[in-house]
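# My questions are about this predicted structure, shown below with the sequence.
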Amino acid sequence: MEEWYHYPLLIVVGFAVGFINTVAGGGSLLSLPVLIFLGLPPSVANGTNRVAIIIQTAIATAGFKSKGVSTAPFNIYLGISALLGAIIGAQIAVDIKGETFNRILAIIMIIVVLIILFKPKIKLMELQERLTGKYLWIGVIAFFFFGIYGGFINAGLGFIIILFLHYVHHMTLVRANATKVAVVFIYTLSALAIFIWNDKVIWKVGLIMAIGNATGGWLASRVSVDKGDGFIKTFLVIMVAAMSIKLWFF
């Protein structure tokens, strides 16, 4: 990280990642390889990436709120559950062959594409949110396990969260996105703390990338609200398909 051009590259990549993460998910599948390419060890790249993510999600959450989209306190309940899971995930050291991991994740992403394309569409008149009672507890339990994965690597989790919130809790894709970024912000607090404790964060790199992440996240939050569910669904399909191809073949 000694060349001057590394820093504008980080901002550009961060912008793309912030936009992708906020509208759909999977941005870390771009940022992590770039950080490793620039010379950071994988564990340090993972920790440093969290600095940009936490700033990006804070700004994106503010962006959604400025447009009148907020799901508090529901998002806080899910976030706290995920935060506890993320503590576990961030401490897990799993010795798994990289190629095997990527292919498993690629299969998951393909399944997500199929769900997006062929799952029966929820009629708007039937889209009454289910945020209390047993559905709240289902969400709290599910997000604990989402948090474990999010704390471990985070890449690709946004897709799953959006679909879960849409089909289980009957949220519109816009409100699911707003909930997602708030939850990711909350659980990344604990994951980042673990990485900091283990000296796995390069602050200068993370904060420079965060400039791009925050800008992309803010723009994406406002575009998502303005364009609506159709835009998000199209973006989801494109991104999931692209990430699946990348993971499987590259």
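It's in.
# Look at residue 51 and tell me its secondary structure.
helix (DSSP: H, G, I helix; E, B strand; the rest coil).
# ugh, wrong one, I meant residue 25
coil.
# That one contacts residue 158, doesn't it?
Yes - using CB atoms under 8 Å, residue 25 is in contact with residue 158, at 1.9 Å. (C-beta placed from N, C-alpha, C; glycine too.)
# Can you give me the buried ones in stretch 76-88?
Neighbour-count burial for stretch 76-88 flags 77, 78, 79, 80, 81, 82, 83, 84, 85, 86, 87, 88 (criterion: 16 or more other CB atoms under 10 Å).
# in the protein, which helix or strand is least confident?
Using mean pLDDT, DSSP states H and E, helix 98-118 stands out as the lowest-scoring helix or strand of the chain, at a mean of 63.
# just checking, next helix/strand downstream of that helix?
Downstream of helix 98-118, the next assigned helix or strand under DSSP states H and E is helix 133-152.
# what comes up buried for that next one?
Using 16+ other CB under 10 Å as the test for burial, helix 133-152 gives 139, 142, 143, 144, 146, 147, 148, 149, 150, 151, 152.
# And the contacts of it?
Residues from elsewhere that reach helix 133-152, judged by CB atoms under 8 Å, 6 or more residues apart in numbering: 74, 77-79, 81-92, 94, 131, 157, 160-161, 164-165, 168-169, 183-184, 187-188, 190-191, 194.
# what separates stretch 166-185 from the chain centre, distance-wise?
Counting by CA atoms, centre = their mean, to the nearest Å, stretch 166-185 is centred 11 Å from the centre of its parent chain.
# Just name the closest of the buried residues of helix 133-152 to residue 35, please.
Nearest to residue 35 among the buried residues of helix 133-152, counting by CB to CB, is residue 152 at 16.4 Å.
# ok, that closest one to residue 78 distance?
Counting by CB to CB, to the nearest Å, the gap between residue 152 and residue 78 amounts to 18 Å.
# Convert the C-alpha atoms of the strand or helix carrying residue 32 to PDB, please.
Taking DSSP H and E as the criterion, residue 32 maps to helix 28-37. Taking Å, rounded to 0.1, in the frame of the first residue of the first chain, the C-alpha atoms of helix 28-37 are listed here in PDB:
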ATOM      1  CA  SER A  28     -17.400  -7.600  -0.300                       C
ATOM      2  CA  LEU A  29     -16.800 -10.200  -3.000                       C
ATOM      3  CA  LEU A  30     -15.300  -7.200  -4.900                       C
ATOM      4  CA  SER A  31     -13.600  -5.300  -2.100                       C
ATOM      5  CA  LEU A  32     -11.900  -8.300  -0.400                       C
ATOM      6  CA  PRO A  33     -10.000  -9.500  -3.500                       C
ATOM      7  CA  VAL A  34      -8.900  -5.900  -4.200                       C
ATOM      8  CA  LEU A  35      -7.500  -5.400  -0.700                       C
ATOM      9  CA  ILE A  36      -5.700  -8.800  -0.900                       C
ATOM     10  CA  PHE A  37      -4.400  -7.800  -4.400                       C
END
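# Off-centre distance for that helix?
Using CA atoms, centre = their mean, the offset of helix 28-37 from its chain centre is 14 Å.
# repeat for stretch 27-38
Counting by CA atoms, centre = their mean, stretch 27-38 comes out at 14 Å from the chain centroid.
# same check, this time on stretch 138-150
Here the centre of stretch 138-150 is set off from its chain's centre by 13 Å, with CA atoms, centre = their mean.
# All set now, cheers.
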